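Participant: here is a sequence together with a model predicted from it:
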Amino acid sequence: MTEYNIALVGFGGVNRGLAQLIATHNDSWQATLGFSLKIVGVTDLFLGSVVDRNGLDAAALAALPAEKGALALIAGGTAEAFNETVIKQSGADIIAEATFTNPVDGEPAATFCRWALESGIHVVTTNKGPIALHGAELKALARRHNVAFEYEGAVMSGTPVIRLAKQALAGSQIQGFEGILNGTSNYVLTRMKDGMSFADAVAQAQQLGYAEADPTADVEGFDVRLKVVILANELLDARLSVSDVMCSGISGISASDIVKAHATGQCWKLIGAATKGADGMVSASVEARLLPLDHPLAGINGAVNAVSFNSALLGAVTVSGPGAGRIETAYALLSDIIALHTTPRQ
Ligand SMILES: NC(=O)C1=CN([C@@H]2O[C@H](COP(=O)(O)OP(=O)(O)OC[C@H]3O[C@@H](n4cnc5c(N)ncnc54)[C@H](O)[C@@H]3O)[C@@H](O)[C@H]2O)C=CC1
Ligand SMILES: N[C@@H](CC=O)C(=O)O
C-alpha cells in the first residue's frame, strides 16, 4: 500500500477542501485507489506554517479558524509562512500548490513549483498562473527530474477537461474549442437574470468560494484568458502568450441588457474560444457574446462551466460540470494524484 506525504502550499478554500477530503476519505482511497495521503506540512501567507513528518490531523486542519497566524495554534506551528522550508524540508513526496493565481507573471507560485520539481517532488496545482505563463518551462523541469506536474483543476475545476481532451480525444484532431470557463462570471450573469445586482452576485460568488482573491480577474475575463491560453497550448499545439488573446469581460453588461436579451430569445455568456486555421495559426479570444437560447452553451447556468471541442473526426464534443468550488476543485487535486500514482516512472 502506498502512502504519499503531501504538503499543502496555500491553505485557502481549495487546499482546506483537500484536507477535508483526506479526513473523510483516506480509508476508502486506500481500498479503492491503492494509496492514502499523509499531510506533513502546510504553509499559507495569512495562516502561517506547520511541519510534522509523522502526519498532521487532517480534520483539525480542515476545521482551523480562518484567522491570521492560526497555524500557530497547532503543535509545532508558527504564524510565519516558511514556504521554502515546507516545500523542500517537510519530507513531502507531493506539493499541492493552491495559492493565489497571479495573472501577470504567475509568481510566486511558479517559484514554489520550481522549488518542488527541482527537489524531485511531484507538483499538483490548481493555480492557472504558473501553467499559462511558465507551462513549457515547468513541464520540462518536471521531465528532467522525473516527477509529475499535474494541473487538471486549472481549467473547469474538478470537471475533467485537460486529460479528457489529451487522452480520450487523442487522435480526434481537435481544431478549436469554445466554452464558458469561469464559474464566477457565469454565476453573476445567472443571478442578474434572476434580478440580483452585479455587486451582490459577485459578493455571493466570493462567499461560495468561486471567485479569485481579486474578482476583477473573473468579471473582466482575465481568468478565462489564462484558461484559453492553457487549453490552446495543450490541445492545439499553440504557443500563445496571454497578450495574444483579445480579452473583455462582463462588467459592461447591465441588468437591462440581460432583460432585453431574454426578451429576444437570447442570453449573454462570457465565452473563451480558440481556433486553429488552415495555416496552423491559432487565434483566440475572450468576450461576452449574445447566444440564441437554443445554443448548447445557453443553458449552462450558475457556477457550472462547459466547453465544446470541435474535432475533425467527431464534430463537437461538449463537456459540462462544476467550474468552481472548494470541494470540486480539491477533487481535481485528487485526480492529479491518481494520475501521478498510475503513471509509470523509470
Ligand atoms: N476556488 C475555486 O473554485 C478554484 C480555484 N482555483 C485556483 O486555485 C487556487 C486556490 O484557490 P482558493 O483556495 O479558492 O483561493 P483562496 O484565496 O481561498 O486561498 C489562497 C490561499 O493562498 C494563500 N497565499 C497567497 N499567496 C501566498 C504565498 N505567497 N505564500 C503562501 N500562501 C499564499 C492565501 O493566504 C490564501 O489562504 C487559486 O490559484 C485559484 O485561482 C482553480 C479552480 C477553481
Ligand atoms: N475564479 C474561478 C475559479 C476557477 O478557476 C472561477 O470562478 O471560475
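Facilitator: Now that the structure is in, tell me what you want to look at. Ligands and ions are numbered 1, 2, ... in the order given.
Participant: which residues touch stretch 213-222?
Facilitator: 100-101, 103, 182, 184-185, 188, 202, 205-206, 210-212, 223, 247-251, 270, 272, 286-287 (CB atoms under 8 Å, 6 or more residues apart in numbering). The C-beta positions use only the backbone N, C-alpha and C, and glycine is treated the same way.
Participant: now list the buried members of those residues.
Facilitator: 100-101, 103, 182, 184-185, 188, 202, 205, 210-212, 223, 247, 249-251, 270, 272, 286-287 (16 or more other CB atoms under 10 Å).
Participant: now narrow the contacts of stretch 213-222 to whatever sits close to ligand 2.
Facilitator: Residues of those in contact with ligand 2 (CB under 6 Å from any ligand atom): Asn182, Thr184, Tyr210, Ala211, Glu212, Asp223.
Participant: looking at the residues you listed, which are in helices?
Facilitator: With helices taken from DSSP state H, the overlap with those comprises Thr184, Asp223.
Participant: identify the farthest-apart pair in the ones next to ligand 2 among the contacts of stretch 213-222.
Facilitator: Tyr210 and Asp223 (10.5 Å; CB to CB).
Participant: where do the contact lists of those two overlap?
Facilitator: Counting by CB under 8 Å, 6+ apart, the residues touching both Tyr210 and Asp223 are Thr184.
Participant: what's Tyr321 in contact with, if anything?
Facilitator: Check again: residue 321 is Gly, not Tyr. Met156, Ser157, Gly158, Thr159, Pro160, Val304, Asn305, Ala306.
Participant: do you know the pLDDT at the spatially closest residue to Pro103 that is not a sequence neighbour?
Facilitator: Leaving aside its sequence neighbours, Pro103 sits nearest to Phe222 (CB to CB, 6 or more residues apart in numbering; 4.8 Å). Predicted confidence (pLDDT) for Phe222: 98.
Participant: what about Phe222, how many neighbours?
Facilitator: For Phe222, the neighbour count with other CB atoms under 10 Å is 22.
Participant: over to Val104?
Facilitator: A total of 9 residues lie near Val104 under the criterion other CB under 10 Å.
Participant: ok, the one 10 residues further on next?
Facilitator: The criterion is other CB under 10 Å. On that basis, Arg114 has 18 neighbouring residues.
Participant: and the helix or strand containing Val188, which residues are buried?
Facilitator: Element membership of Val188, judged by DSSP states H and E, is helix 183-193. Buried residues in helix 183-193, counted by 16+ other CB under 10 Å: Gly183, Thr184, Ser185, Asn186, Tyr187, Val188, Leu189, Thr190, Arg191, Met192, Lys193.
Participant: quick revisit: can you tell me which of the buried ones among the contacts of stretch 213-222 are in strands?
Facilitator: Cys247, Leu270, Gly272, Val286, Glu287 (DSSP state E).
Participant: pull the most distant pair out of the residues you listed.
Facilitator: Pairwise over these, using CB to CB, the maximum falls at Cys247 and Leu270, 10.2 Å.
Participant: okay, and the common contacts of the two?
Facilitator: Gly221, Val224, Val286, Glu287.
Participant: could you list the buried residues of the lowest-mean-pLDDT helix or strand in the chain?
Facilitator: Lowest mean confidence among the helices and strands of the chain (mean pLDDT, DSSP states H and E): helix 255-263, at a mean of 95. By 16+ other CB under 10 Å, the buried positions in helix 255-263 come out as Ile258, Ala261.
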